[in-house]
Structure formats: structure tokens, C-alpha cells
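>>> here is my input; please provide its structure:
(one chain, ligands or ions: 1)
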Amino acid sequence: MSTPVVLISEKEIQVRVAELAAQISEDYADAGELVMVGVLKGAFVFLADLSRKLTIPRTIEFIAVSSYGSGSELTGAVRLVMDVRGSVEDKHVLIVEDIVDTGHTLKYLSGILESHRPASIRTAALVRKAERAEVEVSVDYLGFDIGNEWVVGYGLDNAEQNRTLPYIGVVEPGH
Ligand code: 5GP
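Numbering: from 1, shown residues only. Next up, the predicted model:
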């Protein structure tokens, strides 16, 4: 398997994640507790780094979805695999996603979490492919906009490979 080509370096990611954490800490300074809901599996690295840089009270939950289709041939249909364990009712929720591609997943997750009647919902995503958007979803805290290419690393995989790379890189689909 070939080594992915660096698209966003480890240093660039760390700088941007620190900026996002500072912004989130400022925005939620008076909110009490923030519940960060990480989307498995891809968001686990972003969630770990972002959550540890916050200066406000926060707790961690996870949610898991499965997309129909595979790789770059995803159909847009999404199914809930695991809901949050703790109650988020009347709490401030931040959904933490690895990547927003068509937007279907984030829109679906917002609906699921909305049904739990939180005090508020916002979204954070490390990467977004703006030109691929099919549905309108707002990303309140965005790391980077990228083009239409399959990216790996920093939690993102290709067939379960490359998730633990410290940078975001590009591989050919199917490799
Ligand atoms: P959506 O199209 O619903 O916004 O994104 C669906 C899911 O596809 C994302 O949550 C992510 O798991 C996956 N995905 C989309 N683009 C990429 C990519 O470039 N690399 C990786 N590893 N996953 C992606």
C-alpha cells in the first residue's frame, strides 16, 4: 500500500484545532457544561485533541452511524448503529464529525440528537468538501475546506487503513 501524500500537515491541524478550541471555549464560556458527541469511528482523533484543548466543562459521548455503499460510492442513506448513552436533554450539544462530504450524515445526526431535546446543537467538523454538498447543513466550527478527493489520516480511513496517521493525506480510491 502506498503512503498517502500530505494534504494538511500535522502542524497545520494542531494549529487549527487549537484555534477552534479557543473559539468554542469562548462561545460556551457561560453555558455550563458542553456535551461533545463524537461520531464513530472517524472523529475519535479530532474529538480527543479538540476536547483536551477546551477550557470549559465538557463531557464526552459517542454516536455511531453506518452509511450505505462503500468508499467513494456512498449512497447518502444513513442508519443509526449506536445512540448516545447518557441523556443530553436540556444540555448544550456539540456534534464532532471528521468530515462533511454530501452532508447527509450530519443532517441525519442533527435530527437524531434534536429528538433528545437538548438545550442547543452545534456542529464541528475537521474537514468539509464544499463542492460535494447535496443537503444544507451548517458547520459551526470548521477546520478546513478541501476539494473532491478521498482523504485519510487523523481518524479517517480507507478500508480501515491509515486512521492513525497524524496528518491528512490523499490516496487513490480503492487503494
Ligand atoms: P456525507 O456524504 O454523509 O457527508 O459523509 C458520509 C461519510 O463518508 C463521512 O462521515 C465519512 O465517514 C465518509 N467520507 C466522506 N468522504 C470521505 C473521505 O474523503 N475520506 C474518508 N475516510 N471518509 C469519507
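
>>> hmm, Ala43 is touching Tyr154, no?
No: Ala43 lies out of contact with Tyr154 (Cβ atoms under 8 Å); the separation is 9.8 Å. Yep, even glycine has a C-beta here, placed from its N, CA and C like the rest.

>>> what about Val45, distance to Val81?
Look at Val45 and Val81: by Cβ to Cβ, to the nearest Å, they are 19 Å apart.

>>> contacting residues around Val96?
Met36, Val37, Gly38, Val39, Ala43, Phe46, Leu47, Leu50, Ala124, Ala125 (Cβ atoms under 8 Å, 6 or more residues apart in numbering).

>>> got it, and Gln23?
Neighbour list for Gln23: Tyr141 [criterion: Cβ under 8 Å, 6+ apart].

>>> and it, its phi and psi?
The phi/psi pair for Gln23 (degrees, to the nearest 10) reads phi -60, psi -40.

>>> distance check, it against the ligand.
Using Cβ to the nearest ligand atom, to the nearest Å, Gln23 is found at 22 Å from the ligand.

>>> between Val45 and Val81, which is the more surrounded one?
Each of Val45 and Val81 has its neighbours counted (other Cβ atoms under 10 Å); Val45 has more, 22 against 10.

>>> nearest residue to the middle of the chain?
Glu97 (1.2 Å; Cα atoms, centre = their mean).

>>> quick one: contacts for it?
Glu97 neighbours (Cβ under 8 Å, 6+ apart): Val39, Gly42, Ala43, Thr105, Leu106, Leu109, Thr123, Ala124, Ala125, Leu126.

>>> state the pLDDT value of Val171.
Per-residue pLDDT puts Val171 at 88.

>>> now Leu7: how far from Arg79?
Separation of Leu7 from Arg79 (Cβ to Cβ) stands at 29 Å.

>>> more neighbours: which of those two?
Counted by other Cβ under 10 Å, Leu7 and Arg79 do not tie: Leu7 has more neighbours, with 18 against 10.

>>> pretty sure the more buried one contacts Gly169?
Yes: using Cβ under 8 Å, Leu7 makes contact with Gly169 at a distance of 5.7 Å.

>>> which residues are in contact with the closest residue to His104 other than its chain neighbours?
Using Cβ to Cβ, 6 or more residues apart in numbering and skipping the chain neighbours, the partner closest in space to His104 is Gly76 (4.4 Å). Gly76 sits next to Ser67, Tyr68, Thr102, His104, Glu134 when contact means Cβ under 8 Å, 6+ apart.

>>> can you list residues touching both of Ala43 and Tyr154?
Shared contacts of Ala43 and Tyr154, defined by Cβ under 8 Å, 6+ apart, comprise Asp98, Leu126.

>>> flag every residue of the protein that's near the ligand.
Contacts of the chain with the ligand, taken as Cβ under 6 Å from any ligand atom, map to 42, 67, 74, 99-105, 150-152, 156-157.
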